[in-house]
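*Asks:* Okay, predicted coordinates and the sequence, questions at the end:
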There are 4 protein chains.
Amino acid sequence: MDEIKVFRDPVYGYISVESEIIWDLVNTREFQRLRKIHQLGGVAYVFHTANHTRFDHSLGTYHIASRLVKEIEGLKELLEERGVTLFLVTSLLHDIGHGSFSHAFEEAFDINHENYTIKVILGDTEVNKVLRKHDPNLPQDVASIIAKEGRFPLLESLISSQLDSDRLDYLVRDTYFTGATYGHIDTDRIIRIMRVIDHSVVYKASGIHAIEDYLMSRFHMYWQVYFHPVGRSFEVMLNKLYLRIKELYNEGFVFSGLVLKLIDFMNNPDAISKYLILNDYLIMSMVDELAEKNIDDILYHLANRISGRRLFKYVINNDVEHIYAQFEQELKNKGYNPNYYLHVDNVKQIVYNNKYSIEKADSIRILTENGEIVPIHEYSEIVKSLVYAAGKSEIRLFYDKELVDPSKEGN
Amino acid sequence: MDEIKVFRDPVYGYISVESEIIWDLVNTREFQRLRKIHQLGGVAYVFHTANHTRFDHSLGTYHIASRLVKEIEGLKELLEERGVTLFLVTSLLHDIGHGSFSHAFEEAFDINHENYTIKVILGDTEVNKVLRKHDPNLPQDVASIIAKEGRFPLLESLISSQLDSDRLDYLVRDTYFTGATYGHIDTDRIIRIMRVIDHSVVYKASGIHAIEDYLMSRFHMYWQVYFHPVGRSFEVMLNKLYLRIKELYNEGFVFSGLVLKLIDFMNNPDAISKYLILNDYLIMSMVDELAEKNIDDILYHLANRISGRRLFKYVINNDVEHIYAQFEQELKNKGYNPNYYLHVDNVKQIVYNNKYSIEKADSIRILTENGEIVPIHEYSEIVKSLVYAAGKSEIRLFYDKELVDPSKEGN
Amino acid sequence: MDEIKVFRDPVYGYISVESEIIWDLVNTREFQRLRKIHQLGGVAYVFHTANHTRFDHSLGTYHIASRLVKEIEGLKELLEERGVTLFLVTSLLHDIGHGSFSHAFEEAFDINHENYTIKVILGDTEVNKVLRKHDPNLPQDVASIIAKEGRFPLLESLISSQLDSDRLDYLVRDTYFTGATYGHIDTDRIIRIMRVIDHSVVYKASGIHAIEDYLMSRFHMYWQVYFHPVGRSFEVMLNKLYLRIKELYNEGFVFSGLVLKLIDFMNNPDAISKYLILNDYLIMSMVDELAEKNIDDILYHLANRISGRRLFKYVINNDVEHIYAQFEQELKNKGYNPNYYLHVDNVKQIVYNNKYSIEKADSIRILTENGEIVPIHEYSEIVKSLVYAAGKSEIRLFYDKELVDPSKEGN
Amino acid sequence: MDEIKVFRDPVYGYISVESEIIWDLVNTREFQRLRKIHQLGGVAYVFHTANHTRFDHSLGTYHIASRLVKEIEGLKELLEERGVTLFLVTSLLHDIGHGSFSHAFEEAFDINHENYTIKVILGDTEVNKVLRKHDPNLPQDVASIIAKEGRFPLLESLISSQLDSDRLDYLVRDTYFTGATYGHIDTDRIIRIMRVIDHSVVYKASGIHAIEDYLMSRFHMYWQVYFHPVGRSFEVMLNKLYLRIKELYNEGFVFSGLVLKLIDFMNNPDAISKYLILNDYLIMSMVDELAEKNIDDILYHLANRISGRRLFKYVINNDVEHIYAQFEQELKNKGYNPNYYLHVDNVKQIVYNNKYSIEKADSIRILTENGEIVPIHEYSEIVKSLVYAAGKSEIRLFYDKELVDPSKEGN
């Protein structure tokens, strides 16, 4: 490129783009679409400033990747020019197929956004054109890393493992935009202790605390932000709305308006173009439209509640089974279908998963002072204590408080 | 209220809501709509993280107002309970009628969002109901402050003047979310030197530098953020799109799809419900829809470019008149209507407006060590120097580089 | 007071002083002396910006205390005016008898700075005069809290327990001034979940993560900052220098210059005035003076090394006993006294001490959703996992690398 | 070097040292001495957290210099290896001869710290040895840049001009450690627009606002921090104390204790070793010692007041001449020497000095869009307005309020 392009970014100061392929990818229609996919979906309904997008996060992941290339000793030489390009490009594109409010959507329509990421990379898209123009084999290779086929194990672990360019960006970014204080991690130190040995990433033991701190931060971000019941409530309701649309669709109901875009997708879930149309802006506009005119009681009720942020209440843990049965009966007695107004959600997160072992590419492995490589839970007393026991799970019952009158209020 | 409610906010830590009326207003449909109105419109197309909303800013303005009540000596006693409520409520609602991408919209449809704010407060809305429930005269009084009728001069100056709860929030918030560094102001100090004398706000001279710094920060934020030509380019294009819709509408063109919501509004611009439907999500979905199918060449061209962020290029100052004439001819020769592809924008901002004088309620007035009250430009050497001379203006020519081939490139 | 006084503080923005007794205490000679006692002693020799002082921290502890009074529901009423004064005053004065580089000093001279804090409060000092002027019983009561006599159990736990005004200030402050990233804690949230039940502090379970995060932050700050071997090395060397002075003193050596201030103290360790003279500035000037002229080989050697920051090297864990024996022999062979050039340091810190139980005032107790009060390690899976197992200990051997030539280098 | 060394720094995250000469210079006795010279002298008596040192700032200036080398297009190639070393070394050492509380000291003893910087570089010092070991001509060349002899015009302007590595560090650092909010500058942007043309630095016009903002920040930092009357009061008192010592010395008074170090220096002001002994720790310990025992009434009085932070009060501007005369008479009537208890201070600072012109190396020069180079005050409307008029001056009268009873109180 003639000139380095920069993006101002409050998390990093500036993000520089130094190669033409990155610049061209950013300017594709598919990448620009990420501006309309919020990073945290329904979380904005509890952390009101969490309006940052997959566009921001994708640029940030690219930025972290470019720091790793510059700062991990020997990585640049090891990857060679093509490997560097593969790394940067895949970091930038890792969420290119991310959908709108994906929790609600993927569950309702039984899809997986990674598959769409691969479709965008391999299909008839501007992204694919840019990749092919640069190197005809690039799309296949980028897709292979996303799919974790094992052809590029080092890049796979740098982009998607227990500790990778993706997570290094989002923990800090989500902290910045939510105002939660738990995601502060010592990125500089983590990068400084990264080494590549035998084509895989290890961390020098001298900075073990930075990794311990990272694992705890991640754990706390899950509970404080990603699993927050109010954000989940929003996604539960959206999921119920989708289920109702599906049901009506299966019954041959004739829709009009924006919901037709969703019907288009349902008719042809493999068409990448139909899928990509469904961004957060369109989905929320569809909800608003469904809230305007009653074409179906259930849809109208749910859409109105979502549109005005009148979210389901919830109870946690206490006697969920019993309350569920009671609410179910109450709803039936009043003539409501409990499937649309009650939902049980199991949430579980542990600090560090002991299934990861030294053989697995995505375990966190420590390079000790003696030059040995051991899994972190054998090295750190903290992680060892946590890995076998600590975690947290919750059972949550979401319910429509306008329709049932709980004995015990949730939030 | 039984319990204080809090919002986590990265700018302030927490925003507390201590009175029921505020809580009820936040939960109205009209206030929740502000989640879909971005604070800075097209600016997000240049500062990609600028996705914060009028919802965030309105809460923040309320927060600043509640700090002023607590921290300005004697203010609480002076305002009495009702005055405090008026102040907090009006701060919260001051942007309730804000439209989508208002630069583009207000110019195209010749409206003014303050009028819609007043309509929301006085009309058949949930906001109006909450206000009336609390006090039947509240809607009128809140509207009076918004309209600056002069009935509540102190509150008017606290909410909307050279230095007010609105500006104290947005400079800092816009800085936080854009990553621009110019909006750092010393809010704590500014509040500490505020005094109320004879029902109007003055600033103790001991903190004059905090005000000087504020004026420069504001000036720089205008040029770096609010007037950034790339953000303006986005709004110029949207404005052109609106103009084309208007023209087609006047010609009796039959539209379908989302653009009908805009037609609804054009048919009945006084109906608050038609106006409130038009949020950023809907407008951008409409643009995407217009970019899908060609119903009109001009619309299709513009919508496609906006949707894919292929913005008009620009030249600044240099010989704008001459280039304009040249581009205009070129477009005509090629069969394009220059009205849609060329735009001249005059931007002007001065550091401090010398039209403000000691008599005007919205001048910044300094309380000197001797107890005199003088306008800031008579007290501060810095402001004096700037007020008569300094400012900056730019003439910018925006043009569609796909259609004209400029001799000199802009950005 | 006529006017609220404020201190600008980068950690809190402003610290306000609203009562005359606090203002008068700050202006005593003994409190001003804290400007010359660094908060972190030798840590500044590894984190070069850690030059903040006990003065800063004492003001900060007072600030946190005044927040607790305002923000913990019902605390102000419970404490009544005198209790509030006691709380604020004791928070401000809790380190008033802190010595210079206390690790090195207290070990060498077998003293305890809490005792000197009590002496300053009860003795012939400006602090005592200010306290007595306000209330003749105040000195005794403040001293009682410092001594944890149990007369004011709630205040004792608010000022000195597992989680108190002291720790809430220093973790954040030390983070700010060192640049370590591990001390970020969610102070706002922690304060929001504090309740006082039966005259003792409990924490609402809804914010358990903020406490978990605090415990991990504290743990990491110990290892990254407070126990950093380079900072310890500095204090070890200073300790050796003190030991040599003591030895010479016991042998009747005739000193001159600044070291006489230390001799004065040794002659009369109970005289508070002799103790208070010994601040960091004087001690370091004494070291510089001892480094100028050789009055004793050992002193001269140690003083020179400290003065020029030529610190002892160290080895950690690996075979310390064996290396110690080897170095000891080597030093003896060369005619050096190993007592002055070798040191073994055991450092141990656990995340949360399981000796704390529900009966003990200083355990962290959780108020569950059901209104029960349980110790945190019974409520939190994280703390439970850590409390019985996790911690970390190190054995470090410090040695004078100029005199011994280790097979394995430390830092 | 085998390994990159890093310093944790809260302002920059990490400061890396990549070359052996820098590492060796940091470890000299003269550089380590800078730990005992506070960056802002008496300012810590008003901004209590301003305890950062010349050591911190010197490392920071080196860090900025190393960024400039890496980030200014073509600079590295232009300077070549030796020029880069010269730049980094001189940035690191530019304050190596800085004295203790230099305002007070330099005025009393009529010296200039730049001269001592040159002496340290050229004299019999560890610094000189390290420089010579690397390159026999290095000391001369470093000294030449410090002395601004014109042999290395580009390096002179990069290290000491209107906008240089020194200022880029200290504005931000002083802001961080005082908590003042005025020193936020957009370092990243400023560096991004720097270019070197014909061996001199210019700034691209596209970032003119970053420079305008820098000038205003600098101006405000002067008034808010560097010129704060309370900090000046401390230095005025120290100056009076020095003057009294000088007077007694000239009268043949026989001193003992720490003040002898100062006498040593007075006896031999050219001996660099005598000068370097005089750090802040020693000077303040000397003041404490003079406050312990009355060897001279004036000294005893001043030392006691400084030691206990009982600073001179002040009046600003109002009728200073008249009050001076009145106080002078009052002091004389009471038998006090007014020279020691009264002081008039003229302080003046302008935003941008119009004496700088395009010919002068240290003007700020703008590279316009057309490739012309013009002085900033011809390009920027803001600077133009300020340069001819704006600035601020104050006349302050400091006085000992214990001895005179002013009609009008200062602070």
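*Replies:* Thanks, I have it.
*Asks:* and A:Val315, helix, strand or coil?
*Replies:* Put simply, A:Val315 is strand when judged by DSSP: H, G, I helix; E, B strand; the rest coil.
*Asks:* neighbours around it, how many?
*Replies:* Residues lying near A:Val315 (other CB atoms under 10 Å in any protein chain shown) number 22. Using the backbone N, CA and C atoms, a C-beta is placed for each residue, glycine as well.
*Asks:* So it versus A:Gln349, what's the distance?
*Replies:* Noted for A:Val315: a distance of 20 Å to A:Gln349, by CB to CB, to the nearest Å.
*Asks:* Need the contact partners of stretch A:185-196.
*Replies:* Residues outside stretch A:185-196 that contact it (CB atoms under 8 Å, 6 or more residues apart in numbering or on different chains): A:64, A:67-68, A:71-75, A:78, A:154, A:163, A:168, A:171-172, A:201-204, A:206-207, A:210-211, A:213-214, A:217, A:367, C:181-182, D:6, D:13-14.
*Asks:* Out of these, which end up buried?
*Replies:* For the contacts of stretch A:185-196, a neighbour count by 16 or more other CB atoms under 10 Å in any protein chain shown gives the buried set as A:64, A:67-68, A:72, A:75, A:154, A:163, A:168, A:171-172, A:201-204, A:207, A:210-211, A:213-214, A:217, A:367, C:181-182.
*Asks:* list the contacts for the residue of the stretch 1-150 of chain A found nearest chain B?
*Replies:* Going by CB to the nearest CB, chain B is nearest to A:Pro10 of the stretch 1-150 of chain A, at 3.4 Å. The contact partners of A:Pro10, by CB under 8 Å, 6+ apart, come to A:Tyr176, B:Thr49, B:Tyr176, B:Phe177, B:Thr178, B:Gly179.
*Asks:* Kindly report the same for A:Lys293.
*Replies:* By CB under 8 Å, 6+ apart, the residues touching A:Lys293 are A:Tyr300.
*Asks:* ditto for A:Leu243
*Replies:* A:Ala108, A:Asn339, A:Tyr340.
*Asks:* Filter these down to the buried ones and express that as a ChimeraX selection.
*Replies:* Applying 16+ other CB under 10 Å to these, the buried members can be selected in ChimeraX as follows:
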select /A:108,340
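*Asks:* Can you report how many residues neighbour the nearest residue to A:Gln349 once chain neighbours are set aside?
*Replies:* Leaving aside its chain neighbours, A:Gln349 sits nearest to A:Tyr222 (4.4 Å; criterion: CB to CB, 6 or more residues apart in numbering or on different chains). A:Tyr222 is flanked by 19 other residues according to other CB under 10 Å.
*Asks:* I'd assumed A:Ile350 was in contact with A:Tyr222.
*Replies:* No. Applying CB atoms under 8 Å as the test, A:Tyr222 and A:Ile350 come out as separate, 9.5 Å apart.
*Asks:* who's in contact with A:Arg54?
*Replies:* So A:Arg54 contacts A:Leu34, A:Ile37, A:His38, A:Gln39, A:Asp95, A:His98 (CB under 8 Å, 6+ apart).
*Asks:* For these, give me TSV that also has neighbour count, pLDDT and secondary structure.
*Replies:* Below are the contacts of A:Arg54 laid out as TSV (neighbours: other CB atoms under 10 Å in any protein chain shown; pLDDT from 0 to 100; DSSP: H, G, I helix; E, B strand; the rest coil):
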residue	neighbour count	pLDDT	secondary structure
A:Leu34	24	98	helix
A:Ile37	24	98	coil
A:His38	27	98	strand
A:Gln39	26	97	coil
A:Asp95	24	97	coil
A:His98	23	96	coil
